[in-house]
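A.B. asks: give the three-dimensional model of this entry:
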Amino acid sequence: MVVIERDSELILNKDMINKYEMGSIAYFDIETTGFDKHENIIMLISLGSFTDENNFRIKQYYAEEKSDEKYVLEAFMEDLKGYDRWCSYNGKAFDEPFINNRMIINGIENFIAPSEHVDLYRMIKPYYKQLGLARCNLKTVEQYIGINRLDKIDGGKSVELYMDYLRSKSEKLRDVIMLHNYEDVLNLPKIFKVVFKIETGSDFAREDGITEKQLSYLKYLLDKNNITLEIDYNKVSKKIASKIIDSLIKGSCDEKNLLQMIATNY
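C.D. replies: Residues are numbered from 1 along each chain as shown. Got it, this is the predicted structure:
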């Protein structure tokens, strides 16, 4: 296993950093040899965090052999300890389940993922058409905020290069793969700019947003229970609205819990 650590200057809007408490988040991304979390392995993980307001450190764990996967996972797990929140782009659907499964397969039974997963993809997807984006994939969103990558490959190409690396042990191939994953993580804090724009703008409404019927009934239930929620209802999804209504009907009227439900409504 190769472990490389590198610092980068990253200057972002202070209001945005404070709003999302970005300094307490672990930012991560994985590279795998395929989509099958039972048969394919994790060849590379990058883990990023702020060491101070303007410095972002990324640590990368690279499997020089497929058998190194266990060492990669163990090192990642150790460095992830102490974080209650981690952040990815579409990691709820792919990265987190893949990591969990590979931990089990490698006999690592004491892995506990951070309790909150901030998935930027899910936070942006309900609004991407209103942003004028044709797609909601990572590179499209990066281009929207003016990010120009040094790496020129995608995840599919990294698999091909990794197979070549296993045969040749070429450091040049390794560096190309690692740069791709490095930039995936380096750009995660920058993508909060899009989330910040959505959440602080009054012109954005979810495509899967709360219906008029739901809104009317929800407001009735809140009024009946003497609850006032200072929220933008345009940002509440139909799915979460149903959960809140159901919770209120069943007598669960704790304002803090309701707000928590809304905060994770993606």
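A.B. asks: make it CA atoms for all contacts and neighbour counts henceforth
C.D. replies: Will do.
A.B. asks: give the contact list for the residue most central in space within the chain.
C.D. replies: With distances taken as C-alpha atoms, centre = their mean, residue 88 lies nearest the centre of the chain, 2.0 Å away. Residues counted as contacts of residue 88 (C-alpha atoms under 8 Å, 6 or more residues apart in numbering) are 27-29, 117-121, 185, 188.
A.B. asks: which parts of the stretch 51-200 of the chain are helices?
C.D. replies: With helices called from DSSP state H, counting those that start in this stretch, the stretch 51-200 of the chain shows them at 69-80, 95-105, 120-124, 138-144, 155-168, 171-186, 188-200.
A.B. asks: mind giving me the ChimeraX command for buried ones among the contacts of residue 88?
C.D. replies: The following ChimeraX line selects those of these that are buried, judged by 16 or more other C-alpha atoms under 10 Å:
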select :27,28,29,117,118,119,120,121,185,188
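A.B. asks: show me which pair in the contacts of residue 88 is furthest apart.
C.D. replies: Put simply, by C-alpha to C-alpha the two of the contacts of residue 88 set farthest apart are 117 and 185, 14.8 Å from each other.
A.B. asks: wait, residue 118 touches residue 84, no?
C.D. replies: No - Residue 118 lies out of contact with residue 84 (C-alpha atoms under 8 Å); the separation is 10.6 Å.
A.B. asks: returning to what we had before: please report the distance of the residue nearest to the centre of the chain from residue 136.
C.D. replies: In this structure, residue 88 and residue 136 are 14 Å apart, going by C-alpha to C-alpha, to the nearest Å.
A.B. asks: overlap in contacts of the two?
C.D. replies: residue 121.
A.B. asks: report how many residues lie close to the closest residue to residue 171 other than its chain neighbours.
C.D. replies: Take residue 171 and drop its neighbours on the chain: the residue closest to it by C-alpha to C-alpha, 6 or more residues apart in numbering is residue 165, 8.0 Å away. When neighbours are defined as other C-alpha atoms under 10 Å, residue 165 has 18 of them.
A.B. asks: so who does residue 165 touch?
C.D. replies: By C-alpha under 8 Å, 6+ apart, the neighbours of residue 165 are 171, 173-174.
A.B. asks: quick one: buried ones out of those?
C.D. replies: Buried by 16+ other C-alpha under 10 Å: 173-174, out of the contacts of residue 165.
A.B. asks: of all the contacts of residue 165, which comes closest to residue 38?
C.D. replies: For the contacts of residue 165, the nearest to residue 38 is residue 174 (23.9 Å; C-alpha to C-alpha).
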